[in-house]
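**Q** Model the structure of this input:
(4 chains)
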Number of protein chains: 2
Amino acid sequence: MSAAKQKLPEMRARLFDGRREASARLENLLSRKQQEAFRSIATVFEYRRGGTVLFTEGTDASFVYSVAEGIVRVCRHSDGGRRQVLAFMLPGDLLGLPDSGTYANTAEAACPCTLYRMPWAQLRELMQREPALQLNLLEKVAYDFREAQRRIMVLGQQNTYQRLASFLADFIQQPAFFDADTATLTLPLTRFDIADYLGTAPETVARGFLRLEQEGLLRRVGPRVTEIRDIEGLRKLQHRKRRAAR
Amino acid sequence: MSAAKQKLPEMRARLFDGRREASARLENLLSRKQQEAFRSIATVFEYRRGGTVLFTEGTDASFVYSVAEGIVRVCRHSDGGRRQVLAFMLPGDLLGLPDSGTYANTAEAACPCTLYRMPWAQLRELMQREPALQLNLLEKVAYDFREAQRRIMVLGQQNTYQRLASFLADFIQQPAFFDADTATLTLPLTRFDIADYLGTAPETVARGFLRLEQEGLLRRVGPRVTEIRDIEGLRKLQHRKRRAAR
DNA sequence: CGCAAATTTGAGAGTCGTCAAACATAGTGG
DNA sequence: CCACTATGTTTGACGACTCTCAAATTTGCG
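**A** Residues are numbered from 1 along each chain as shown, chains lettered A, B, ... in the order given. Modelled structure (predicted):
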């Protein structure tokens, strides 16, 4: 039962008080009519190569993007120049909301991608005509906020091995990347991307995969392809202590 | 120049596109009239002792709180039972917004506190009568979201020593806890609170203070009172590499 | 096929979590 | 008012974890 078919008063009530949504993918939050309005101001963009920059932190924010296909990495650079991946945006996600008129972070295609691009001015205008849309925006920000809090839990409490397990457990939930029939996870991400997401080094990620393989939780088919052998085992890892007692 | 005096159409535009606010303290976001409306539904609560639970994650969310005095720690417990402090809420901050009808995390007074408590139902009703209020709420969530992203940067890139420096640098910005004249920082938090906030152990926090003292950046007056000797030095720490090269 | 980039593996050392114990502090009851 | 006790803090020791440097190996692409 999709939220898109609810009547407007119900949609208002859903925010904060309603059922918990599995995700806040854009299309799940919009009525059919709203989706059409979106499409009327959106342009399709294809990025053939990974690494292409969509926008840079600090620059004027004119466009908002929605991922149609592929993975976009949203990152920020510390003063030391080191990159931190704040989030991977997956198909259906919305990104590029202005913060005080500029982008708060940098977005790059992590692999060949297709996305929708909309002028922020037009989207804002649309929202003023349809207040319900604005509420959807709030829902979206609230969802991203909760996701960020989950990241804080992972980064604050887990060792690198557990973080990798958490990362894989999350992506297993995404049918676009995990084929449940063959238990095959296909991630178009480099070890650098994963390392910068987990706050560790690419070597440590490689060693994490090695250990997960040795413990029988998965099998490395290729650098981007993994056969998951024990989903429950991956999940259980997160609940252990960060460090072996002596 | 406070945003509170702007006319309503301007307030609408301020969101996402407006000037960057130093903080999103509640009173800065509300017009005088709105503040009065808030006060009319709010009750003052005093918590004499630190450790008192305001609300628990997973329980029904009936009330929203605003800190008047003291520090509230917002935390969540991992399945292993370990506590992670997601944020410290300071005077002016709003907390306890329902997530799908329940609290997403636990809030406890970190020290003797005074706060305002409002029934969520009444606040929601108030928002429906005054759409501008709803926009303020969005602003608030967006602010918390950006704060969470900053935490991700710190937890993902910095070692425990740098995290402690970041933590202190943040609190130096708060006049309620830092007396600029005497350069004295008075934090009613235990080493456990700080450790759970920084994702480390209390012993490591203590050693961090020791090292900061040895390097001349501060002087420990007492466990809760610190004399800051080199603010710029604290800030610079964050920009260094996480680890000494060999 | 050949090169550039990514990944893996190895070695060594810096960091920090854990256990233990000494010490300080604040709150309590006599 | 003081001893007492519970709680919080500091210090020490040790080993687990993982970052860094280096090099071998594999992968992806033109």
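
**Q** now chain A, which segments are flagged as low pLDDT?
**A** Counting by pLDDT under 70, chain A contains low-confidence residues at A:1-30.

**Q** rerun at 80
**A** The model of chain A has pLDDT under 80 over residues A:1-35, A:131-132, A:246.

**Q** quick one, domains of it?
**A** A:3-148, A:158-237 (automatic domain parsing).

**Q** near DNA strand C, which residues of chain A show up?
**A** A:190-192, A:202-203, A:205-207, A:209-210, A:220, A:223-224, A:241-243, A:245-246 (CB under 7 Å from any atom of the strand). In short, each C-beta sits where N, CA and C put it, glycine included.

**Q** Give me the subset of the residues you listed lying in helices.
**A** Using DSSP state H, the members of these that fall in helices are A:191-192, A:202-203, A:205-207, A:209-210.

**Q** ok, of those residues, which one's closest to B:Gln122?
**A** A:Val205 (49.5 Å; CB to CB).

**Q** Just confirm A:Ile152 is within a strand.
**A** No. Assignment of A:Ile152 by DSSP: H, G, I helix; E, B strand; the rest coil gives helix, placing it outside any strand.

**Q** which one is it nearest to, not counting chain neighbours?
**A** Closest residue in space to A:Ile152, ignoring its immediate chain neighbours: B:Arg151 at 5.2 Å, by CB to CB, 6 or more residues apart in numbering or on different chains.

**Q** Run a quick neighbour tally on the one you found.
**A** Per other CB atoms under 10 Å in any protein chain shown, the neighbour tally for B:Arg151 reads 22.

**Q** my read: A:Tyr47 touches A:Leu115, true?
**A** Yes. Counting by CB atoms under 8 Å, A:Tyr47 touches A:Leu115, with 7.4 Å between them.

**Q** quick one, which of the two is more surrounded?
**A** More neighbours surround A:Leu115 than the other of A:Tyr47 and A:Leu115, with 25 against 19 (other CB under 10 Å).

**Q** any idea which element the more buried one lies in?
**A** strand A:113-119 (DSSP states H and E).

**Q** helices and strands around that strand, which ones?
**A** helix A:32-41, strand A:43-47, strand A:63-69 (3 or more CB pairs under 8 Å, 6 or more residues apart in numbering or on different chains; DSSP states H and E).

**Q** hmm, which of the ones in helices among the residues of chain A next to DNA strand C are the buried ones?
**A** Buried by 16 or more other CB atoms under 10 Å in any protein chain shown: A:191, A:205, A:209, out of these.

**Q** And stretch A:106-117, end to end?
**A** 16 Å (CA to CA, to the nearest Å).

**Q** close to DNA strand D, is that stretch?
**A** No. Judged by CB under 7 Å from any atom of the strand, stretch A:106-117 and DNA strand D are separated, with a smallest distance of 8.7 Å.

**Q** Enumerate the positions of that stretch that are buried.
**A** For stretch A:106-117, using 16+ other CB under 10 Å, the buried residues are A:106-111, A:113, A:115-117.

**Q** Same question for stretch A:48-66.
**A** Residues A:50, A:52, A:54-55, A:61, A:63-66 are the ones in stretch A:48-66 that count as buried (16+ other CB under 10 Å).

**Q** can it be found next to DNA strand D?
**A** No. Against DNA strand D, stretch A:48-66 shows no contacts by CB under 7 Å from any atom of the strand, the least distance being 7.8 Å.

**Q** Quick check: neighbours shared by A:Tyr47 and A:Leu115?
**A** A:54, A:70 (CB atoms under 8 Å, 6 or more residues apart in numbering or on different chains).

**Q** can you count the residues close to A:Val44?
**A** 10.

**Q** Assess the claim that it and A:Tyr116 are in contact.
**A** Yes. Between A:Val44 and A:Tyr116 a contact is recorded at 6.1 Å, counting by CB under 8 Å.

**Q** Quick check: of the buried residues of stretch A:48-66, which lies closest to B:Pro131?
**A** Among the buried residues of stretch A:48-66, and counting by CB to CB, the member closest to B:Pro131 is A:Val64, at 21.8 Å.

**Q** residues in contact with the residue lying closest to that closest one once chain neighbours are set aside?
**A** In space, not counting the residues next to it along the chain, A:Val64 is nearest to A:Gly96; the distance is 4.6 Å by CB to CB, 6+ apart. Going by CB under 8 Å, 6+ apart, A:Gly96 touches A:54-55, A:61, A:63-65, A:103, A:107, A:120.

**Q** give me the number of residues near A:Gln158?
**A** 24.

**Q** ok, it touching A:His239?
**A** No. Using CB under 8 Å, A:Gln158 makes no contact with A:His239, being 9.9 Å away.

**Q** you'd agree A:Tyr197 is in a helix?
**A** Yes. According to three-state DSSP, A:Tyr197 belongs to a helix.

**Q** Disregarding residues adjacent in the polypeptide, which is nearest to it?
**A** Closest residue to A:Tyr197 apart from its sequence neighbours, by CB to CB, 6+ apart: A:Val85 at 3.9 Å.
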